[in-house]
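In: Here is my input; please provide its structure:
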Amino acid sequence: MQTVLVIDDDAALRDTIGLMLETEGFRPVLASDGRAGFRQALTLKPDLILVDLRMPGLSGVEVCKQVRAAGLNTPLIVLSAIGDEVDKVLLLEIGADDYVVKPFGTRELLARIRALLRRSSIEETKVLAFGDVEVDLTRRVVIKNGEELKLTRAEYNLLTYFLHNADRALTRDMILNSVWGYESFPNTRTVDAHVVRLRQKLERDGSSPQHFLTVHGVGYRFVP
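Out: The predicted structure is shown next:
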């Protein structure tokens, strides 16, 4: 049974999420503030953490920073109120993997949780290779011709999404929703721009790709 740590000072919402998780077969652990939640993250090492953005004392931003500073790679989803000014770039930089705006639907939150858990479980044990590239999913390291490459978080997440969906025709909307989340980047041109960057960094000839292929009228297909 996978453990999900919920850190939120709103008791009603915290209990509602806990009940939902329990109903769906997860083991919820509830914390009412950031400091208690951070201590539980270190002790329990949960499979995933849900953390509210704005809490008195230790905020969700600080929880994310301290979790990553402690060396934990636990998937992190930030919960934010609809009126909050959410700096998506900042959230990625401090180590959050996704965010969900309140009020949110149960199905959306569960979908985000399961997507992150699937990604992290695959990444625990695998090194994947294509062409002259190796991707160490455990250490989040990408190596080409023996040299480590620098990829942004978005580029790396897009790469791993392609790796996990090899030989499938993927629409831009599918990629956008799975890699960035439903509300992060409403423009599918974001996908095109990042595919171009992956081609430039990982293909032998970015102008004549062999792995990151365009499927005209659909989107893209990754061919190992």
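In: CA atoms for contacts and neighbours, from now on please.
Out: Noted.
In: Show me how the protein divides into domains.
Out: 3-122, 127-222 (automatic domain parsing).
In: quick one, which of those domains is packed in tightest?
Out: With neighbours defined as mean count of other C-alpha atoms under 10 Å, the domains of the chain peak in mean count at domain 3-122, which reaches a mean of 18.
In: chain center to that domain: distance?
Out: For domain 3-122, the separation from the chain centroid amounts to 12 Å (computed by C-alpha atoms, centre = their mean, to the nearest Å).
In: now the residue most central in space within the chain, nearest residue through space, not along the chain?
Out: Nearest to the mean C-alpha position of the chain, counting by C-alpha atoms, centre = their mean, stands residue 97 at 3.5 Å. Once flanking residues are discounted, residue 97 sits nearest to residue 76: 5.3 Å by C-alpha to C-alpha, 6 or more residues apart in numbering.
In: what do you get for residue 32?
Out: Nearest residue to residue 32, sequence neighbours excluded (C-alpha to C-alpha, 6+ apart): residue 9, at 4.6 Å.
In: now the helices for the chain?
Out: 11-23, 34-44, 60-69, 88-93, 106-123, 153-164, 172-179, 189-202 (DSSP state H).
In: pretty sure residue 166 is touching residue 212, no?
Out: No: with contact defined as C-alpha atoms under 8 Å, residue 166 does not count as touching residue 212 (9.9 Å).
In: Now for those two: what residues contact both?
Out: Applying C-alpha atoms under 8 Å, 6 or more residues apart in numbering, one finds that residue 166 and residue 212 are jointly contacted by 221, 222, 223.
In: Could you measure from the first one over to residue 153?
Out: Spelled out, that is residue 221. Per C-alpha to C-alpha, to the nearest Å, residue 221 is found 20 Å from residue 153.
In: Please apply the same query to the second one.
Out: As for residue 222, its distance to residue 153 is 19 Å (criterion: C-alpha to C-alpha).
In: cool, the last one as well?
Out: Using C-alpha to C-alpha, one obtains 22 Å as the distance from residue 223 to residue 153.
In: same deal with residue 75?
Out: 13 Å.
In: Over to residue 188?
Out: According to C-alpha to C-alpha, residue 188 stands 18 Å off from residue 153.
In: again, but for residue 209
Out: Look at residue 209 and residue 153: by C-alpha to C-alpha, they are 22 Å apart.
In: Tell me the bridge partners for the residue nearest to residue 29 when sequence neighbours are not counted.
Out: Excluding the flanking residues, the one nearest residue 29 by C-alpha to C-alpha, 6+ apart is residue 5, at 4.8 Å. Bridge pairing for residue 5 (DSSP bridges) gives the partners residue 29, residue 49.
In: thought residue 5 was touching residue 49?
Out: Yes: contact status for residue 5 versus residue 49: in contact at 4.7 Å, counting by C-alpha under 8 Å.
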